[in-house]
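S.K.: Task: produce atomic coordinates for the following.
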Amino acid sequence: MSTTNTIKFNVGGRPFEVSRDLMEKHSETMLGKLVSEAWQADPEEPVFIDRNGNIFEYVLDYLRYGSIELPRNVPKSSFERDLDFYGLLPKEGEIKEKSLADMAAALRQDRDSAKSNFVSAQSKYEMFVFATEVQHQYIMKNQISEKEVPVQILVNKIRENGDFGKDRCDYLNETEDDLFMSYLGDLFGLRMATESECKNWKNSTSPHPCLYKGFNFFVMRK
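M.R.: I've put the predicted structure just below:
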């Protein structure tokens, strides 16, 4: 009998390590059977699963807590498809999605009601709008491609949004920069392309030139 307290996975190239106790609680599922003594001769070897490692991260959270609130970059249909593959049958109400409309409404209310801290609330709302505009451009330009290809974001298009402000992307401070990056990654699964990933940047002297100098910039999937 193995005394190993953790189990290693390699899911679509992403490594994971979880407690054996967690898997034993779900031993009747396909996922539990994969790591049982009968299926896994060497407990030190990672269990390879040819599935999406980014989704598996949330599958583990679902196993830990019995419910999950999925971020915007993980479609509920894809998550449920993988749960079915792993032999997991969720009950009604256990899987929720973060609503972009609800989040926008909450940030708008925060902006309108936080009189004593207006600058902070305004920044949160504007960075949310900024990230939403970037994601919209990304989707429109990359609807078909499944490749990790940088997509150019046109700052002038973002300036046209009345909720954001004509020149806001020219002078973001460090806090606003962090907020924007957080919304871009957590909500939409996007990140700034690095200079090495995007050779056609010109006059770039900072990692995110548009945030400080008004240049167009490039994003890609995380």
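S.K.: Quick check: next helix or strand after the helix or strand bottoming out on mean pLDDT in the chain?
M.R.: Sorting the helices and strands of the chain by mean pLDDT, DSSP states H and E puts helix 210-213 at the bottom, at a mean of 41. Later in the chain than helix 210-213, the nearest helix or strand by DSSP states H and E is strand 217-221.
S.K.: Okay, now the sheet partners of that following strand, with direction.
M.R.: Strand 217-221 pairs in its sheet with strand 151-153 (antiparallel), strand 190-192 (antiparallel), by DSSP bridges.
S.K.: In the chain, where is pLDDT below threshold?
M.R.: 1-4, 37-41, 111-119, 142-149, 154-172, 195, 197-216 (pLDDT under 70).
S.K.: if you go through it in chain order, where are the helices?
M.R.: 20-24, 30-34, 53-65, 76-85, 100-113, 118-141, 155-159, 174-188, 210-213 (DSSP state H).
S.K.: mind checking which of the strands paired with strand 217-221 is nearest residue 87?
M.R.: Closest approach to residue 87 among the strands paired with strand 217-221 (CB to CB): strand 190-192, 32.0 Å. Every C-beta, even on glycine, is put in place using the N, C-alpha and C of the backbone.
S.K.: That closest one: which residues count as buried?
M.R.: 190, 192 (16 or more other CB atoms under 10 Å).
S.K.: Same check on stretch 175-195?
M.R.: 176, 179-181, 183-185, 187-190, 192-193.
S.K.: Going by distance to residue 130, which of these wins?
M.R.: residue 180 (5.5 Å).
S.K.: Contacts only, for the closest residue to that closest one other than its chain neighbours.
M.R.: Leaving aside its sequence neighbours, residue 180 sits nearest to residue 127 (CB to CB, 6 or more residues apart in numbering; 4.4 Å). In this structure, residue 127 makes contact with 172, 176, 179, 180, 183, judged by CB atoms under 8 Å, 6 or more residues apart in numbering.
S.K.: 7 Å instead?
M.R.: 176, 179, 180, 183 (CB atoms under 7 Å, 6 or more residues apart in numbering).
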